[in-house]
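In: Provided below are the primary sequence and the corresponding predicted coordinates.
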Protein chains: 2
Amino acid sequence: MRAEALKGHLDGLLLAALEDGPRHGYAVKEALRDATDGKLDLPTGTVYPALHRLEQAGLISGSWVVVAGRRRRTYELTEDGRRSLKGARDNWQEFAAVVSTALRGAPWPATS
Amino acid sequence: MRAEALKGHLDGLLLAALEDGPRHGYAVKEALRDATDGKLDLPTGTVYPALHRLEQAGLISGSWVVVAGRRRRTYELTEDGRRSLKGARDNWQEFAAVVSTALRGAPWPATS
DNA sequence: CGCTATAGGTAGCAACGCTACGTATAGGAG
DNA sequence: CTCCTATACGTAGCGTTGCTACCTATAGCG
């Protein structure tokens, strides 16, 4: 998968991974990997800063938990986050439709 | 459409717009707009630099033409461009499938 | 004569995902 | 006991890239 391809679509994926309950960052990364059959294996340097952005934006809220001597930052969706996820899904639908149409090519208006 | 959404997907769209014959930059912009029912109305500041990039990369080749006293830069796909377009379509298919899957959410692995 | 559509262009910016690191603990392999 | 891997979090800096805002110029119409 090309590096730039994800730009602007990552946030929705992260929100979706938190939709059915709280998860910590590493688990989000794994959830996305598992759900996509390994095809979406995000580097941690992508996941953590993105989660920080989302928290900053108020779309998720995080809290520290200690499990088996390891500290975890657990995130859950806020109400805004839920709304944003819905918006992200709608946007994706439209975006995908537009790109699919334009990429398919035909029928182009006659070449002038 | 969110600004960042297109990142990494523009090149394929431009190549697709040139698939069935040479077009100049402005016509490429119009072709994409018309083909997507006005939903993909790229600013010229996006189109022209992108075409320059594609020419630089050897995916399209351009030449100046004068039509009705107006100079036009007409582009056509190179062989590399045709290959790249094919690759872009394949990548898009995979990318769209992955994002659609992850965005849909279910079924996530059990929350640990 | 002014306005719009057509046609091309650039400079500079902002966003954002990635690479390459660094820290630390738990647990199994040897 | 030690080493290695998986788990878990983090940041600095970079490169790409589309966009905003602007500029130039011609054709054609009111």
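Out: Nice, thanks for sending it over.

In: now the helices: where do they sit in chain A?
Out: Here chain A has its helices, by DSSP state H, at A:10-17, A:25-35, A:44-56, A:79-104.

In: Any chance of a markdown table for the ones you listed, columns mean neighbour count and mean pLDDT?
Out: Where C-beta positions appear, they are placed from N, C-alpha and C, glycine not excepted. Shown next, in a markdown table, are the helices of chain A (neighbours: other C-beta atoms under 10 Å in any protein chain shown; pLDDT from 0 to 100):
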| stretch | mean neighbour count | mean pLDDT |
| --- | --- | --- |
| helix A:10-17 | 24 | 97 |
| helix A:25-35 | 19 | 95 |
| helix A:44-56 | 15 | 97 |
| helix A:79-104 | 17 | 96 |
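
In: Can you add distance to DNA strand D and give the ones you listed back as CSV?
Out: Putting those into CSV (distance: least, C-beta to the nearest atom of the strand, whole Å) gives the following:
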stretch, distance to DNA strand D
helix A:10-17, 12
helix A:25-35, 3
helix A:44-56, 3
helix A:79-104, 11
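
In: so which of the ones you listed comes closest to residue B:4?
Out: Residue B:4 lies closest to helix A:10-17 among these, at 9.6 Å (C-beta to C-beta).

In: So which other helices or strands are in contact with that closest one?
Out: Using 3 or more C-beta pairs under 8 Å, 6 or more residues apart in numbering or on different chains; DSSP states H and E, the elements in contact with helix A:10-17 are helix A:25-35, helix A:44-56, helix A:79-104, helix B:79-104.

In: can I get the CA coordinates of the second one in CSV?
Out: What that stands for is helix A:44-56. The C-alpha trace of helix A:44-56 is given here as CSV (Å, rounded to 0.1, in the frame of the first residue of the first chain):
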residue,chain,number,x,y,z
THR,A,44,3.5,2.7,15.8
GLY,A,45,4.9,6.0,14.7
THR,A,46,1.7,6.5,12.8
VAL,A,47,-0.7,5.2,15.4
TYR,A,48,0.4,7.0,18.5
PRO,A,49,0.6,10.5,17.2
ALA,A,50,-2.7,10.0,15.4
LEU,A,51,-4.4,9.0,18.7
HIS,A,52,-2.9,12.0,20.4
ARG,A,53,-4.4,14.2,17.6
LEU,A,54,-7.7,12.6,18.1
GLU,A,55,-7.6,13.1,21.8
GLN,A,56,-6.5,16.7,21.4
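
In: and that helix with helix A:25-35, angle?
Out: 110 degrees (axes from the mean of the first three to the mean of the last three C-alpha atoms, to 10 degrees).

In: Just give the closest residue to residue A:5, not the sequence neighbours.
Out: With sequence-adjacent residues excluded and distances taken as C-beta to C-beta, 6 or more residues apart in numbering or on different chains, residue A:5 is closest to residue B:8, at 4.3 Å.
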